[in-house]
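A.B. asks: From the sequence below, what's the structure:
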Amino acid sequence: MTHGTPLFSADAALRHFRSYFTEPKDVVAHPQLSRDEKLAILREWEQDALRLSTSESEGMGGGEESMLGRVEESIGVLERSPR
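C.D. replies: Model (predicted):
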């Protein structure tokens, strides 16, 4: 019996987006996600980036570069694209 790559799951990608995507633009380019699924994943990523940004402003930064700008840019790309 061979073990292949597990099937892509939009639900799993929404819950664990960092396990599936390195950059927000990777979400935008993913061929198996609908526009609404992409926006949902990016909105989750945005919330995560906002929480991290708040922590950093309170002096609790983890040294990780903020993704907020890149996430917001990707959301803008999707929002400007035709349905």
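A.B. asks: use CA for all of it now, contacts and neighbours both
C.D. replies: OK.
A.B. asks: so where's the chain shaky on pLDDT?
C.D. replies: 1-6, 55-66 (pLDDT under 70).
A.B. asks: Could you report the neighbour count for residue 45?
C.D. replies: Around residue 45 sit 22 other residues, with neighbours defined as other CA atoms under 10 Å.
A.B. asks: And residue 43, by the same measure?
C.D. replies: There are 16 residues near residue 43, going by other CA under 10 Å.
A.B. asks: Residue 75 now?
C.D. replies: Neighbours of residue 75 (other CA under 10 Å): 23.
A.B. asks: go on, residue 36?
C.D. replies: Residue 36, neighbours per other CA under 10 Å, totals 12.
A.B. asks: what does residue 9 give?
C.D. replies: Neighbour tally, residue 9, other CA under 10 Å: 11.
A.B. asks: before we move on, what SS does residue 7 have?
C.D. replies: coil (DSSP: H, G, I helix; E, B strand; the rest coil).
A.B. asks: gap between it and residue 23?
C.D. replies: 20 Å (CA to CA, to the nearest Å).
A.B. asks: between these two, which one's more packed in?
C.D. replies: residue 23 (14 against 6).
A.B. asks: Quick one: residues contacting that one.
C.D. replies: residue 70 (CA atoms under 8 Å, 6 or more residues apart in numbering).
A.B. asks: one more time with 10 Å
C.D. replies: Neighbour list for residue 23: 17, 67, 70, 71, 74 [criterion: CA atoms under 10 Å, 6 or more residues apart in numbering].
A.B. asks: Please apply the same query to residue 12.
C.D. replies: Applying CA under 10 Å, 6+ apart, the residues contacting residue 12 are 19, 20.
A.B. asks: Please identify the next secondary structure element, helix or strand, after the helix or strand hosting it.
C.D. replies: Using DSSP states H and E, residue 12 sits within helix 10-15. Where DSSP H and E defines the elements, the next helix or strand beyond helix 10-15 is helix 17-20.
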